[in-house]
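Quick one, what's the 3D model for this:
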Amino acid sequence: MFIDTHCHLSLEDYDDIDSILADNRSAGIDKIIISGCTKESILESLKYCKKYGDVYATIGYHPSEADITTRVDLEKLEEQIQNDKIVGVGEIGLDYHYGKENSEIQKNLFRKQMQLAEKYHLPVVIHSRDATADTIAILKEFPNVIGDIHCFSGSLETAQIYISMGYKLGIGGVVTFKNSNLFKIIESVGLSNILLETDSPYLTPEPYRGKKNSSKYIPFIANRIAEILSVSVEEVSQKTIENTLSLFDLH
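Below is the predicted model:
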């Protein structure tokens, strides 16, 4: 059995949610944590959490939403996270890939959502793209908050900093790509510091790269990690589930 700790589930991406979840279960995916990171996707995520027993969610405003997220939106978010099926705040963070013109606005939104996580004792799911130094600096302002570094792709030094702060590294389909150096990170940090994720419908693992991703492909990620660490897939399953449950309350 496996848990997909980070994916997106939306009618914008999938025609039939029931059939997607049935395929996941057939592939041994016990639970999924979906990410609602815009106003619209937060509402859709809440709907699926209510409808399906094996669906949980983290919600929060993605840095791409920084320019349009208002005080009222954040007040609403505070209400929404007080739902038993909401298990974290995220994905939140910083993204400078297209420029840093609104970096202060992004940082302000990031801090406000970290404050919510701290207030309600929830883990966070961190999105950091071309913004490592600023991301780490802000996380250090909140030493009582821990979480998941979504879709980790940084250096070993960066990985060790995050781990020393109590964070786990989200590992997805990129680890199966032929040009990926993630295997070096996994060899160094070991199973105890990683979580499995797909980020579906994006970042589909080999051998399905180029097609729409789904949580049902988690076993391909687990198999690659097992190869890297010379352990069984069962051990990858067991340890990553333990890691997930140490962060997220999947009651």
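
Mind jotting down where the helices sit in the stretch 151-251 of the chain?
Secondary structure of the stretch 151-251 of the chain (DSSP state H, counting those that start in this stretch): helices at 156-164, 182-189, 218-229, 233-247.

which of those is buried the deepest?
Most buried of these by mean neighbour count (mean count of other CB atoms under 10 Å) is helix 218-229; its value is a mean of 20. C-beta here means a position set from N, CA and C on the backbone, and glycine is covered the same way.

how much does it deviate in direction from helix 233-247?
Helix 218-229 runs at 110 degrees relative to helix 233-247, counting by axes from the mean of the first three to the mean of the last three CA atoms, to 10 degrees.

got the CA positions of stretch 111-125 in CSV?
The C-alpha coordinates for stretch 111-125 follow below in CSV (Å, rounded to 0.1, in the frame of the first residue of the first chain):
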residue,chain,number,x,y,z
ARG,A,111,4.5,34.4,6.4
LYS,A,112,0.7,34.9,7.0
GLN,A,113,0.0,31.2,6.1
MET,A,114,2.9,30.0,8.2
GLN,A,115,1.3,31.8,11.1
LEU,A,116,-1.9,30.0,10.4
ALA,A,117,-0.1,26.6,10.4
GLU,A,118,1.6,27.5,13.7
LYS,A,119,-1.7,28.7,15.3
TYR,A,120,-3.5,25.5,14.4
HIS,A,121,-0.6,23.1,14.8
LEU,A,122,-0.7,21.9,11.2
PRO,A,123,2.2,20.9,9.0
VAL,A,124,3.0,22.8,5.9
VAL,A,125,3.6,21.8,2.3
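
Show me what it is in contact with.
Contacts with stretch 111-125, where a contact means CB atoms under 8 Å, 6 or more residues apart in numbering, come from 6, 35, 58, 60-61, 74, 77-78, 81-82, 86-92, 138-139, 141-142, 144-148, 150, 170, 247-248.

buried set for that stretch?
Going by neighbour count (16 or more other CB atoms under 10 Å), the buried part of stretch 111-125 is 112-118, 122-125.

who's in contact with Phe248?
With contacts defined as CB under 8 Å, 6+ apart, Phe248 is in contact with 5, 33, 56, 87-88, 123.

neighbours around Gln106, how many?
Gln106 has 25 neighbours, counted by other CB atoms under 10 Å.

swap that for Asn108, sorry
Number of residues near Asn108 (other CB under 10 Å) recorded here: 13.

out of everything not next to it in sequence, what's closest to it?
Spatial nearest neighbour of Asn108, excluding adjacent residues (CB to CB, 6 or more residues apart in numbering): Ala66 at 7.8 Å.

again with Leu74
Per CB to CB, 6+ apart, closest to Leu74 is Lys112, 5.8 Å.

Hmm, Glu197 and Thr240 touching each other?
No - shown here, Thr240 and Glu197 do not form a contact pair, counting by CB atoms under 8 Å, at 9.7 Å.

that older thread, what about the residue nearest to Asn108, how many neighbours?
Using other CB under 10 Å, Ala66 has 19 neighbouring residues.

now Thr69
That count, for Thr69 with other CB under 10 Å as the rule, works out to 22.

Done for today, thanks.
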